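**Student:** build the 3D model from these lines:
(chains A and B)
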Amino acid sequence: MSKSVGASCKPKGMRLKIESKRKERQFNTISGEPVKDIYTPKDVGELDYDRDLGQPGKFPYTRGVYDTMYRGQLWTMRQFSGFASAKESNERYHYLLNHGQTGLSVAFDMPTIMGYDSDHPRSQGEVGRCGVAISSLADMEVLFDGIPLDKVSTSMTINGPAAMLWAFYICVGEKQGVPSRELRGTIQNDILKEYIAQKSWIFPPQPSMRIITDIMAYAADHVPKWNTISISGYHIREAGSTAAQELAFTLADGFAYVEAGMAAGMDVDVFAPRLSFFFNSHLDFFEEIAKYRAARRIWAKRMKEKYKAKDPRSLLMRFHTQTAGCSLTAQQPENNIVRTAFEALAAVLGGTQSLHTNSMDETHALPSAKAAKIALRTQQIIAYESGAANTIDPLAGSYFVESLTNKLEAQAEEYFEKIEALGGVVKAIEKGFFQREIANAAYRYQKNIEESKQIIVGVNDFVEGDESIDIPILSIDSEIEEEQVKRVKKLKSERDNGAVKATLEELRRAAESTDNVIPCILNATRAYATLGEICDVLRGVFGLYREPPIF
Amino acid sequence: MAQKIRVLVAKPGLDGHDRGAKVIAAALRDAGMEVIYTGLHQTPEMVVEAALQEDVDVIGLSILSGAHMTVFPRVMSLLNEKGLDNVLLTGGGIIPQKDMDALERMGVGKLFGPGTPTTEIIEYIRSSVAH
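**Tutor:** Numbering: from 1, shown residues only, chains lettered A, B, ... in the order given. You can find the predicted model right below:
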């Protein structure tokens, strides 16, 4: 039987071709780090259990941030979604919650992300395309219609205008009768990685950092259960970085926020417990697991030793993970289900607190409902069928994993020194350091694929000729934009424009002083000032950021 | 030696995903082309103005935000207005096949999705631009 399969299905030419590619195969991680054929106790010679690993929930938290981890509570299955108008997205949220999702995660469209209203000329063609369009509190009320904000936790991927969307959310809570002290969730609010990788900024770095410290201070007093910054490596990795760069640049950003908070006069233990992280999970299984373990250890050590944090919660690196969008292929898209499953498993074995699994169709369009459901089911299979969540940090003590963990930590430390020498994160951004490092890594990776040093199934090997895509592709109706533009125009004509003007003027004065801007943004929100109007006031005071184009 | 092919790599619209644009820019440069990269957040007007100023043979637009059905036709019509209809307009990004087909029917050049080898794009540009 096997003989006939070999003879009939694999023409000799094809077998030779595959063998020749495999001969050139290099034993490197996906980040290009060489991997030895075997790891032994010699590779982890100086590992000290209590000093370097510790029990879960104990310093330095290498094995996990909580003592019971998934035995106590599984990770939050948090699928990122949002598209079209607030109404369509609201329906998708109800759909996901009804299928067992346990937290919400909002994707906004590009105009919202850039602080423009849907009716702004620059928004044309982009309204509701890659996320949901939210121009004011009125849209936010629709987005969370029928979703009790005291029962769900909500993550919002928003950075430049994070303060405004957060204010919209707090005001929806007010309308539902949920006090801000009860709200749980996260705003991404990580502007440093925007300059480094994701490139969705509004203001220059200095005033952006001031708004962030205003948010941290306001949250400590009024929204204590909110995660004020989700310090994100995800986009750094998607932009093409290596695992070590993702780890190092993300943590460097985290330390920069800590230093900014302390420089603004806050005690580190007032705001640090509300900082959380967001990592990518790429295809290299063990490298990813080691990355999460190294991240926890580096954070805990620096927070304790350098920043003198006393509250144990300040030392905990809690993080969300999303599987790598950049690892998915347009070719044979069903294979992406498998890639995503491996990546998700790595995140779980690395001890993530919440997880988003990508849908198979994301290299073609936003996810269809069916693709999104399979992605969620993938997590449920890992949680309830695979056994991976039965014990904590099961790969601890593996010579390979511990050695990789140590190596990634050392590589991150090297980067911290380089960044320090450049004058810190903001200076390094202004010098284009991160941008160049990432662009070079991305180009190297692409070259490795084209030279078949890195095999991508269906792309540069195991290719099917005349492939046709037979999965459903979501399309966004262009009428969505027209309707949303009408909604915003209608709001602007019907609200009390005197109140809008007065609250925006108050905001301008606060921005020009050193007062906290958040109460003024909340007042403008309550008067139904729009996102674009609020951002325009701050653009007037702070100016705009421009990046020099380098490649 | 033949004159170098001049390419404008542009990121129109609001999306900041510039990995693809930068990789393509570097690959075209290494293939011996003269590459001008606009940087982010360009309007169609800015792209066409840059094409005119830089006297390019090719414009490559990178769009991952879903705005392709607005941006490509707009750039196309501005090119025609300025008498730049000899410039090859191509590009890539997250663009569903049926939209690629529709844009090609409107006269836009070939569009490329994720996973396309840069060599394929280099070949396409070389064969389309006759010097």
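
**Student:** run the chain-centre distance for stretch A:513-528.
**Tutor:** Chain-centre distance of stretch A:513-528: 27 Å, with Cα atoms, centre = their mean, to the nearest Å.

**Student:** what does that stretch rub up against?
**Tutor:** A:136-138, A:163-164, A:167-168, A:170-171, A:174, A:211, A:214-215, A:217-218, A:491, A:495-496, A:499-500, A:502-504, A:506-507, A:509-511, A:533-534, A:538 (Cβ atoms under 8 Å, 6 or more residues apart in numbering or on different chains). The C-beta positions use only the backbone N, C-alpha and C, and glycine is treated the same way.

**Student:** where are the low-confidence patches of chain B?
**Tutor:** B:1-2, B:131 (pLDDT under 70).

**Student:** show me where it has its strands.
**Tutor:** Per DSSP state E, chain B has strands spanning B:6-10, B:34-37, B:58-63, B:88-93, B:111-112. These are given in chain order.

**Student:** can I get the ones you listed in a markdown table with mean neighbour count?
**Tutor:** Shown next, in a markdown table, are the strands of chain B (neighbours: other Cβ atoms under 10 Å in any protein chain shown):
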| stretch | mean neighbour count |
| --- | --- |
| strand B:6-10 | 25 |
| strand B:34-37 | 20 |
| strand B:58-63 | 26 |
| strand B:88-93 | 22 |
| strand B:111-112 | 23 |
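
**Student:** will you turn those into a markdown table that also has distance to A:D253?
**Tutor:** Shown next, in a markdown table, are these (distance: least, Cβ to Cβ, whole Å):
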| stretch | distance to A:D253 |
| --- | --- |
| strand B:6-10 | 28 |
| strand B:34-37 | 25 |
| strand B:58-63 | 26 |
| strand B:88-93 | 27 |
| strand B:111-112 | 33 |
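
**Student:** closest one to chain A among the ones you listed?
**Tutor:** strand B:34-37 (4.9 Å; Cβ to the nearest Cβ).

**Student:** quick one: contacts for B:I95?
**Tutor:** Contact analysis of B:I95 by Cβ under 8 Å, 6+ apart lists B:I63, B:H68, B:L103, B:L111, B:G113.

**Student:** what is the burial count for the third one?
**Tutor:** Neighbouring residues of B:L103 were enumerated by other Cβ atoms under 10 Å in any protein chain shown; the total is 22.

**Student:** gap between it and chain A?
**Tutor:** To chain A, B:L103 is 13 Å away according to Cβ to the nearest Cβ, to the nearest Å.

**Student:** hmm, B:L111 and that residue touching each other?
**Tutor:** Yes: between B:L103 and B:L111 there is a contact under Cβ atoms under 8 Å: 6.3 Å.

**Student:** residues in chain B within reach of chain A, list them.
**Tutor:** Taking Cβ under 8 Å from any Cβ of the partner chain, the part of chain B that reaches chain A is made up of B:9, B:13-19, B:21-23, B:25-27, B:29, B:35, B:37-41, B:43, B:64-67, B:69-71, B:94, B:96-98, B:113-115, B:117-119.

**Student:** rewinding a little: now, the contacts of stretch A:513-528 that are in strands?
**Tutor:** The strands, defined by DSSP E, take in nothing from the contacts of stretch A:513-528.

**Student:** just the buried members of the residues you listed?
**Tutor:** A:136-138, A:163-164, A:167-168, A:170-171, A:174, A:211, A:214-215, A:217-218, A:491, A:495, A:500, A:503-504, A:506-507, A:510-511, A:533-534, A:538 (16 or more other Cβ atoms under 10 Å in any protein chain shown).

**Student:** burial measure for residue 50, as a count.
**Tutor:** No chain specified, so I'll use chain A. Residues lying near A:D50 (other Cβ under 10 Å) number 10.

**Student:** chain B is the one I meant
**Tutor:** By the criterion of other Cβ under 10 Å, B:A50 has 18 neighbours.

**Student:** all helices for chain B, in order.
**Tutor:** Counting by DSSP state H, chain B has helices at residues B:19-30, B:44-54, B:68-81, B:97-105, B:118-128.

**Student:** please identify the most buried of those helices.
**Tutor:** Highest mean neighbour count among those (mean count of other Cβ atoms under 10 Å in any protein chain shown): helix B:19-30, with a mean of 22.

**Student:** got the angle between it and helix B:118-128?
**Tutor:** For helix B:19-30 against helix B:118-128, the angle by axes from the mean of the first three to the mean of the last three Cα atoms, to 10 degrees is 60 degrees.

**Student:** skipping adjacent residues, who's closest to A:F342 in space?
**Tutor:** A:F285 (6.1 Å; Cβ to Cβ, 6 or more residues apart in numbering or on different chains).

**Student:** residue nearest the middle of chain B, spatially speaking?
**Tutor:** When Cα atoms, centre = their mean is applied to chain B, the residue found nearest the centroid is B:G60 (1.1 Å).

**Student:** that residue reaches B:V7, doesn't it?
**Tutor:** Yes: between B:G60 and B:V7 there is a contact under Cβ under 8 Å: 6.1 Å.

**Student:** hey, what's in contact with both of the two?
**Tutor:** B:L28.

**Student:** returning to what we had before: contacting residues for the residue nearest to the centre of chain B?
**Tutor:** B:V7, B:L8, B:V9, B:A10, B:A21, B:I24, B:L28, B:T90, B:G91, B:G92, B:I121.

**Student:** could I get those residues as a markdown table with distance to A:E464?
**Tutor:** Supplementary listing: those in a markdown table, determined by distance: Cβ to Cβ, whole Å:
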| residue | distance to A:E464 |
| --- | --- |
| B:V7 | 31 |
| B:L8 | 34 |
| B:V9 | 30 |
| B:A10 | 33 |
| B:A21 | 28 |
| B:I24 | 25 |
| B:L28 | 28 |
| B:T90 | 25 |
| B:G91 | 25 |
| B:G92 | 21 |
| B:I121 | 21 |
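
**Student:** count of residues packed around A:P205?
**Tutor:** For A:P205, using other Cβ under 10 Å, the count is 19.

**Student:** I'd say A:I158 and A:M110 touch.
**Tutor:** No: the criterion here is Cβ under 8 Å, and A:I158 misses it with A:M110 at 11.7 Å.

**Student:** about what we covered before: and the contacts of B:I95, which two are furthest apart?
**Tutor:** B:L103 and B:G113 (12.6 Å; Cβ to Cβ).

**Student:** output the strand or helix carrying A:I438 as PDB, restricted to C-alpha atoms.
**Tutor:** Using DSSP states H and E, A:I438 falls within helix A:433-450. Provided in PDB are the C-alpha atoms of helix A:433-450 (Å, rounded to 0.1, in the frame of the first residue of the first chain):
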ATOM      1  CA  PHE A 433      16.800  53.300  15.800                       C
ATOM      2  CA  PHE A 434      13.800  50.900  16.300                       C
ATOM      3  CA  GLN A 435      12.400  51.600  12.900                       C
ATOM      4  CA  ARG A 436      15.600  50.600  11.200                       C
ATOM      5  CA  GLU A 437      16.200  47.500  13.300                       C
ATOM      6  CA  ILE A 438      12.700  46.300  12.500                       C
ATOM      7  CA  ALA A 439      12.800  47.100   8.800                       C
ATOM      8  CA  ASN A 440      16.200  45.300   8.500                       C
ATOM      9  CA  ALA A 441      14.800  42.200  10.300                       C
ATOM     10  CA  ALA A 442      11.700  42.200   8.100                       C
ATOM     11  CA  TYR A 443      13.700  42.300   5.000                       C
ATOM     12  CA  ARG A 444      16.000  39.500   6.200                       C
ATOM     13  CA  TYR A 445      13.000  37.400   6.900                       C
ATOM     14  CA  GLN A 446      11.500  38.000   3.500                       C
ATOM     15  CA  LYS A 447      14.900  37.100   1.800                       C
ATOM     16  CA  ASN A 448      15.000  33.900   3.800                       C
ATOM     17  CA  ILE A 449      11.600  32.900   2.500                       C
ATOM     18  CA  GLU A 450      12.600  33.800  -1.100                       C
END
